[in-house]
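> please work out how this folds:
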Amino acid sequence: MLPFTQHSLDKLESLFKGMGYRVRYEKGNFKTGSCMLQSSKVVVVNRFSNIEVKINSLIDLLREIEPDTSTLDEKQKQLYFTIKQTKLTL
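Purely as a prediction, here's the structure:
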């Protein structure tokens with residue numbers, strides 16, 4: 001899947017931005033490391049989480065939503081559909 005690097009986090013942020021969402025890093029008491037405010041299309045990520053938790057939180061949120069992908073470029077669409085199809089099983 002995605003390596004836990006700043007570059008991967010930047011790609012996920014740009015994917016959300018392409019779908020009309022804003023990603024913000026704020027102080028908060030989130031059990032999952034993030035939360036989504038559906039009505040305002042804002043994703044809030046706990047800024048004190050490590051990069052692995054931030055990436056996993058954004059990926060989990062991407063799997064839950066059904067956004068309009070018509071505004072995404074081809075690379076972003078490919079990343080989005082790869083994330084949607086990939087599910088970690090233990």
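> host element of the residue nearest to R24 when sequence neighbours are not counted?
Counting by C-beta to C-beta, 6 or more residues apart in numbering, V44 is the residue found nearest to R24 once chain neighbours are left out, at 5.3 Å. Quick note: C-beta positions are derived from backbone N, CA and C, even for glycine. For V44, the host element (DSSP states H and E) is strand 42-46.
> that strand pairs with which strands, parallel or anti?
Sheet pairing of strand 42-46 (DSSP bridges) gives strand 22-26 (parallel), strand 34-37 (antiparallel).
> out of those strands, which one sits most buried?
strand 34-37 (a mean of 17; mean count of other C-beta atoms under 10 Å).
> and the residue nearest to the spatial centre of the chain, what is it in contact with?
When C-alpha atoms, centre = their mean is applied to the chain, the residue found nearest the centroid is L58 (2.7 Å). L58 sits next to L9, L12, E13, F16, V23, S34, V43, V45 when contact means C-beta atoms under 8 Å, 6 or more residues apart in numbering.
> most neighbours of all these, which one?
Most neighbours among the contacts of L58, by other C-beta atoms under 10 Å: V45, with 26 neighbours.
> now that residue: how far from R24?
7 Å (C-beta to C-beta, to the nearest Å).
> returning to that earlier point: export the strands paired with strand 42-46 to JSON lines and tack on mean pLDDT and distance to Q76?
Shown next, in JSON lines, are these (pLDDT from 0 to 100; distance: least, C-beta to C-beta, whole Å):
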{"stretch": "strand 22-26", "mean pLDDT": "92", "distance to Q76": "14"}
{"stretch": "strand 34-37", "mean pLDDT": "71", "distance to Q76": "19"}
